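In: test case, fold it:
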Amino acid sequence: MIKPPKISVGILTEKEIEIEFFGRFFCDNNLNISGIQKVVFQKGKIFFDDKYYKELIFNPENDDSFFELKNVTIGKEFHWQQKENQRFTDSLKLIVEDKKITAINIISVENYLKSVISSEMSASASLELLKAHAVISRSWLLANKQQNNLIHLYKSSFIIDNQSFIKWYERDAHSNFDVCADDHCQRYQGISRQTNENVNQAVRQTEGIVLMYEDGICDARYSKSCGGISEQFENCWADVHFSYLESITDAPQGSRIGGRVKDLTKEENAKRWILSSPKCFCNTHDTNVLVQVLNNYDRATTDFFRWTCHFSQNEITEIIYKKSGFDFGQILDLIPVRRGLSSRIVELKIVGTKKILIVGKELEIRKWLSQTHLYSSAFVVEKCDFHDNIPQKFILHGAGWGHGVGLCQIGAAVMGERAYKFDEILAHYFKNSELKKIY
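Out: From the prediction side, this is the model:
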């Protein structure tokens, strides 16, 4: 058994950071700090209290002390991006990074999880759903810290040549802390996000429990809505296959839907699937379920299971140029080159009057085709209103919200409402895995 570790979480990076300390904190040879303070990046260092520092660490006097960081950006580059003040317990570390100051919260894994499952979900979610999410969030986090994990083999990377631009994003983007506090890693919003006894109970009852496959902790991924079928890891990130991240149908075992789903890597089958509305766990409009998964800023998204997105010729040309940096000219076509098992497009050919290029993987496709991000890369393209053989309108008909790998949060919420236990929820989404208490 190992002791519960502490982790470092990057919260924000700015030229100037305003902090309010509640209770007493100590730093710089027991310098007593309280109230509102400002730190500023000057002369390559942190300027605070009339002194310059390479880094600062503020430690609380007791467990009742906490601090508030002002104007923290959440949902960076997504359609719900906004700023809010956030409060945190434990220690605050400030470092110089990229000619700015980065604020890092140093906190125990179990306290971190209380905030994560209240930020990724709602504190009002069912106990079984919260327990399931505590396990996968803990597993995802500790897999990154496990020395014998394969993380180092599939770091963020991209391949570009005259015909293609293939890129994926991993957590190795952070070199000065373990994880960030936003959707790139896991949403973590400190004690600002409301918690309740259910959250504390979920973390307490699953303390130290992780998903395991053979001798390793599972790199347990999750997204908002798989759209009815989950995706394989290698179709969203590096070409590494994990047996516990197989594609599954998000429906009860033995249900009729499983036998009706054909190979969604084939275009005609993908189109039929995306334009349908199958009876899956995550196909729900039940408000009592959705409030468990969607915090207030997420609830503006109401069409997550099946959605449409409309672009004029000028709009899609401008967006792709802005987001990709490539001048395609007028967009003539968007052609799926390769789809994953959930119908998500892994490689998309963009055909313009000036340039033709294949883009991938799924997140890069979502970035190039939206001012923020498309809900997912599971879509089919409808071209309309042709003028001189050039379409003047593009309609994307899509399915799901997010990459679709691993646990489907909305589907899991429905399972919780239907009295599935947390281990049954996890067994549904992570085939071939097992639960193990490691501390």
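In: could you pull out the helices in the chain for me?
Out: Using DSSP state H, the helices of the chain run over residues 109-120, 127-145, 197-205, 256-260, 267-274, 287-293, 313-324, 362-368, 409-417, 422-429.
In: residue 235 is nearest to which of the ones you listed?
Out: helix 362-368 (6.9 Å; CB to CB). Every residue, glycine included, has its C-beta placed from N, CA and C.
In: let me see the mean pLDDT of that closest one.
Out: Helix 362-368 comes out with an average pLDDT of 96.
In: alpha carbons only: can I get stretch 72-92 in PDB?
Out: Output of stretch 72-92 as PDB, limited to C-alpha atoms (Å, rounded to 0.1, in the frame of the first residue of the first chain):
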ATOM      1  CA  VAL A  72      -9.900  32.400 -13.200                       C
ATOM      2  CA  THR A  73     -10.700  31.400 -16.800                       C
ATOM      3  CA  ILE A  74     -12.800  28.200 -17.100                       C
ATOM      4  CA  GLY A  75     -13.800  26.400 -20.300                       C
ATOM      5  CA  LYS A  76     -10.800  27.900 -22.100                       C
ATOM      6  CA  GLU A  77     -11.500  28.100 -25.900                       C
ATOM      7  CA  PHE A  78     -14.800  26.200 -25.400                       C
ATOM      8  CA  HIS A  79     -18.200  27.700 -26.100                       C
ATOM      9  CA  TRP A  80     -18.800  28.200 -22.300                       C
ATOM     10  CA  GLN A  81     -15.600  30.100 -21.600                       C
ATOM     11  CA  GLN A  82     -15.900  32.600 -18.700                       C
ATOM     12  CA  LYS A  83     -14.100  34.000 -15.700                       C
ATOM     13  CA  GLU A  84     -15.000  33.400 -12.100                       C
ATOM     14  CA  ASN A  85     -13.400  33.800  -8.600                       C
ATOM     15  CA  GLN A  86     -12.400  30.500  -7.100                       C
ATOM     16  CA  ARG A  87     -11.500  29.400  -3.600                       C
ATOM     17  CA  PHE A  88      -9.000  26.800  -2.600                       C
ATOM     18  CA  THR A  89      -7.600  25.000   0.500                       C
ATOM     19  CA  ASP A  90      -4.100  23.700   1.200                       C
ATOM     20  CA  SER A  91      -1.000  25.400  -0.300                       C
ATOM     21  CA  LEU A  92      -0.500  28.000  -3.000                       C
END
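In: ok so, going back, now the helices of the chain in JSON lines, with mean neighbour count and distance to residue 41?
Out: Shown next, in JSON lines, are the helices of the chain (neighbours: other CB atoms under 10 Å; distance: least, CB to CB, whole Å):
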{"stretch": "helix 109-120", "mean neighbour count": "25", "distance to residue 41": "27"}
{"stretch": "helix 127-145", "mean neighbour count": "25", "distance to residue 41": "28"}
{"stretch": "helix 197-205", "mean neighbour count": "18", "distance to residue 41": "36"}
{"stretch": "helix 256-260", "mean neighbour count": "12", "distance to residue 41": "55"}
{"stretch": "helix 267-274", "mean neighbour count": "17", "distance to residue 41": "47"}
{"stretch": "helix 287-293", "mean neighbour count": "19", "distance to residue 41": "38"}
{"stretch": "helix 313-324", "mean neighbour count": "17", "distance to residue 41": "29"}
{"stretch": "helix 362-368", "mean neighbour count": "23", "distance to residue 41": "29"}
{"stretch": "helix 409-417", "mean neighbour count": "26", "distance to residue 41": "37"}
{"stretch": "helix 422-429", "mean neighbour count": "22", "distance to residue 41": "43"}
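In: residue 382 is nearest to which of these?
Out: For residue 382, the closest of the helices of the chain is helix 267-274, at 10.0 Å, according to CB to CB.
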